[in-house]
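Undergrad: I would like the atomic coordinates for the input below:
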Amino acid sequence: MTSTTLIWDIEASDLKADWGRLLCVGYKWQGVPKVTVRSIWEPALKGRTVIDDEPLLRAFWPVLCSARAHVTYFGSGYDLPFLQAKALRYRVAEVPQGRHIDLYRYAKPHLLLRSRRLANVMRFLRTKSEKSPVEGEIWQLAEAGDRPSSKYVIDHCRADVVGLEETYHLMAPVVHRWGPCAVCGSLLRVSNGIRPFEGRPSRRIWCQACGVWERRVL
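TA: Below is the predicted model of the structure:
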């Protein structure tokens with residue numbers, strides 16, 4: 001069955017969309033080995049000027065909008081607002097409709113750690129993947145067109161996506177508290193909220209692994 005959950009991350013030249021430009025976007029579908037990284041250094045995504053990141057935004061945006069669920073780390077505080085600002089600037093009207101699972105929002109109440117940065121969470125959970133360091137000079141050189149630096153940024157983005165998926169699976173018990181799916185046994189299930197059913201409130205739960213819905217009357 002084709003996965004409908006997207007794991008993704010961005011790298012940019014600044015924390016603010018009006019001062020920074022999108023450098024690359026890494027993503028993979030949950031359970032699918034291939035990681036895709038698109039960048040402004042691709043000839044096919046070359047913009048009208050050296051700071052034009054519109055082709056890169058337009059290459060990734062339909063992928064994001066096609067996901068029924070998407071996973072980030074602090075994506076609601078950075079990645080998604082950054083991309084949404086760019087989308088409005090470039091008159092891209094479509095808005096992602098899939099459920100956004102920001103792991104940082106789950107780490108904050110459930111993991112009592114000194115730091116909830118992704119690198120520290122991965123270290124604490126003993127993930128197989130390691131997060132490479134972010135060094136400002138490398139990002140500056142990459143933005144200026146230095147090839148070794150741009151390769152570092154791309155490799156860093158790819159590693160972040162792999163580490164993010166592993167962290168997502170390890171955090172599944174707190175992210176998806178609704179028990180195993182009766183069909184496929186996966187814990188990767190999310191609540192779609194509480195709605196009335198035959199006069200009583202009920203919770204709708206969706207399995208991201210196989211797509212089956214369950215209704216629980218409260």
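Undergrad: Need the pLDDT of residue 2.
TA: Model confidence at residue 2, given as pLDDT, is 62.
Undergrad: Contact partners for residue 193?
TA: For residue 193, the contact set (Cβ atoms under 8 Å, 6 or more residues apart in numbering) comprises 203-204. (C-beta placed from N, C-alpha, C; glycine too.)
Undergrad: Can I take it that it is in a helix?
TA: No - according to DSSP: H, G, I helix; E, B strand; the rest coil, residue 193 belongs to no helix; its state is strand.
Undergrad: Tell me the gap between the lowest-mean-pLDDT helix or strand in the chain and the middle of its chain.
TA: Ranked by mean pLDDT, DSSP states H and E, the weakest helix or strand in the chain is strand 189-197, scoring a mean of 78. Offset of strand 189-197 from its chain centre (Cα atoms, centre = their mean, to the nearest Å): 23 Å.
Undergrad: cool, stretch 148-168 as well?
TA: Per Cα atoms, centre = their mean, the centroid offset for stretch 148-168 relative to its chain is 12 Å.
Undergrad: Quick check: buried residues in it?
TA: By neighbour count with 16 or more other Cβ atoms under 10 Å, stretch 148-168 contains the buried residues 149-150, 152-154, 156-168.
Undergrad: One more: stretch 65-76?
TA: Going through stretch 65-76 with 16+ other Cβ under 10 Å, the ones that come out buried are 65, 67, 69-75.
Undergrad: Give me the mean pLDDT for it.
TA: For stretch 65-76, the mean pLDDT works out to 94.
Undergrad: Residues contacting it, please?
TA: Contacts of stretch 65-76 with the rest of the structure, by Cβ under 8 Å, 6+ apart, involve 4-9, 30, 64, 79-80, 94-105, 118, 164-165, 167-168, 190, 208.
Undergrad: Now with 7 Å, please.
TA: 4-9, 64, 79-80, 94, 96-105, 118, 164, 168, 190, 208 (Cβ atoms under 7 Å, 6 or more residues apart in numbering).
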